[in-house]
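J.: Just the structure for this:
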Amino acid sequence: MSQKQEIERLISKLQDEDKDARASVAWTLGWMVEEEVVDAVPALILALQDPEPKVRVAVAGALGRMEGVVDAVPALILALQDSNPE
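T.: Below you'll find the model as predicted:
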C-alpha cells in the first residue's frame, strides 16, 4: 500500500463509529510528516465538529502539530469557543 493510499484509509477512518478509533486516527495523522498528510487537513478540520470531546481534542492536537496549516486556524479558533466544557 502506498503512503497516499494509507493516508486515504486513515482519512476514511475519521468517520468510524468507534470514538477511540477516530481519536487514534487523528493522533496518528498528527504525527506523520506534514507533507504526507496535507490531504488530510480538510477532513481533520471537519472532525473538529465531532460530537465526542476525546476526538476533538485529538484532532486539535494533530492540527496543532502540523506547521504551516493556516487553513485550520479559523476552525481551531471556533473550536475554542465551544460551550461544551469537555
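J.: Need the nearest residue in space to L48, chain neighbours excluded.
T.: Of all residues beyond its chain neighbours, the one nearest L48 is A79 (4.8 Å), with distances taken as C-beta to C-beta, 6 or more residues apart in numbering. Where C-beta positions appear, they are placed from N, C-alpha and C, glycine not excepted.
J.: what distance separates the helix or strand the one you found falls within from the middle of the whole chain?
T.: Per DSSP states H and E: A79 is located in helix 73-80. Taking the mean of its C-alpha atoms, helix 73-80 sits 13 Å from the chain's own mean (C-alpha atoms, centre = their mean, to the nearest Å).
J.: Does anything pack onto that helix? Which helices or strands?
T.: Counting by 3 or more C-beta pairs under 8 Å, 6 or more residues apart in numbering; DSSP states H and E, the packing neighbours recorded for helix 73-80 are helix 53-65.
J.: what's the angle between the helix it packs on and helix 73-80?
T.: Going by axes from the mean of the first three to the mean of the last three C-alpha atoms, to 10 degrees, helix 53-65 is angled at 150 degrees with respect to helix 73-80.
J.: What residues sit buried inside helix 53-65?
T.: Across helix 53-65, burial judged by 16 or more other C-beta atoms under 10 Å covers 55-60, 62-63.
J.: Buried residues in stretch 15-28, which are they?
T.: Residues of stretch 15-28 classed as buried: 22-28 (neighbour count, 16+ other C-beta under 10 Å).
J.: average pLDDT across stretch 41-51?
T.: The average pLDDT within stretch 41-51 is 91.
J.: just to revisit the earlier point, of the buried residues of helix 53-65, closest to E8?
T.: E8 lies nearest to A62 out of those, by C-beta to C-beta, at 16.3 Å.
J.: Could you find the closest non-adjacent residue to the closest one?
T.: G30 is the one closest to A62 (C-beta to C-beta, 6+ apart), at 2.7 Å.
J.: so that neighbour touches V57, yeah?
T.: No: the criterion here is C-beta atoms under 8 Å, and G30 misses it with V57 at 11.2 Å.
J.: count of residues packed around the closest residue in space to G61 that isn't next to it in sequence?
T.: Excluding its sequence neighbours, the residue lying closest to G61 (C-beta to C-beta, 6+ apart) is G30, at 5.8 Å. Here the count is done by other C-beta atoms under 10 Å, and G30 has 20 residues near it.
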